[in-house]
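>>> sequence first, predicted coordinates after that:
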Amino acid sequence: MLPFVNQSRRRDAGDVVALEIARQLHGVPNLEIVEPGLVRDELLRFRIVMEGGISLDSARVLLELLQADLVLAGYVRELQDPPGEGGAPAADFTAILLDRQNNEVVWQSTSSHRGRRRRLLLRLRPVSTSQGLVCRMAREIATGLSARPAGATAPKQLGGRTSKR
């Protein structure tokens with residue numbers, strides 16, 4: 001999993017979203033996640049810069065270095081806590097899964113939600129913080145990646161292991 005590109009006003013938004021998705025994916029059967037610290041070490045060691053997002057060539061190099069079949073990258077457009085009493089947290093991000101073997105995007109998810117204090121979100125209790133909102137959104141992503149239709153290809157490694165959609 002690569003660090004997510006932060007396009008929001010919040011300083012650590014990319015890290016918050018990427019780490020929460022990694023945490024949720026950690027519980028998926030047949031999935032092996034490469035430690036985010038090891039990914040960062042390789043990015044630094046080979047001076048791979050992700051200023052506006054990682055290029056496909058850089059992603060391929062990183063996949064080879066990490067011996068991974070797939071890499072998850074993304075962009076965070078918004079991540080904010082409620083501005084005041086009764087406000088709602090907001091999160092908006094895109095996650096993209098790249099396949100090393102075929103050099104293509106094999107899965108993509110764009111998630112945009114606002115938590116509500118008085119309404120249910122994702123059929124669960126209301127959420128009042130951006131961290132709680134991202135946790136629920138990441139859980140939905142992990143569920144989507146782990147659900148494979150009948151006859152799908154065998155799980156692959158995602159800086160760990162997962163299946164194609």
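Yes, it's here.
>>> now residue 71. Its backbone dihedrals?
Here is the backbone geometry of residue 71 (degrees, to the nearest 10): phi -130, psi 140.
>>> let me redo that: residue 68
Dihedral pair for residue 68: phi -110, psi 150, per degrees, to the nearest 10.
>>> count of residues packed around it?
Other residues lying near residue 68 total 23 when counted by other Cβ atoms under 10 Å. The C-beta positions use only the backbone N, C-alpha and C, and glycine is treated the same way.
>>> so it makes contact with residue 31?
No: applying Cβ atoms under 8 Å as the test, residue 68 and residue 31 come out as separate, 11.6 Å apart.
>>> quick one, strands of the protein?
Taking DSSP state E, the strands of the chain run over residues 5-6, 70-80, 90-99, 104-114.
>>> is it possible to get CSV of those that adds mean neighbour count, mean pLDDT and distance to residue 138?
Shown next, in CSV, are the strands of the chain (neighbours: other Cβ atoms under 10 Å; pLDDT from 0 to 100; distance: least, Cβ to Cβ, whole Å):
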stretch, mean neighbour count, mean pLDDT, distance to residue 138
strand 5-6, 20, 92, 16
strand 70-80, 22, 92, 11
strand 90-99, 22, 91, 9
strand 104-114, 15, 88, 9
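>>> need these in CSV with distance to residue 15, can you?
Listed next are those as CSV, based on distance: least, Cβ to Cβ, whole Å:
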stretch, distance to residue 15
strand 5-6, 8
strand 70-80, 9
strand 90-99, 12
strand 104-114, 17
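>>> where along the chain do the helices fall?
For the chain, helices defined by DSSP state H occupy the ranges 13-26, 36-45, 56-66, 130-146.
>>> and those, which one averages the lowest pLDDT?
Out of these, helix 56-66 stands lowest, with a mean of 81 (criterion: mean pLDDT).
>>> quick one: it to helix 36-45, angle?
With axes from the mean of the first three to the mean of the last three Cα atoms, to 10 degrees defining the directions, helix 56-66 sits at 120 degrees from helix 36-45.
>>> which other helices and strands does helix 56-66 contact?
helix 36-45, strand 70-80, strand 90-99 (3 or more Cβ pairs under 8 Å, 6 or more residues apart in numbering; DSSP states H and E).
>>> closest to residue 16 out of those?
strand 70-80 (6.3 Å; Cβ to Cβ).
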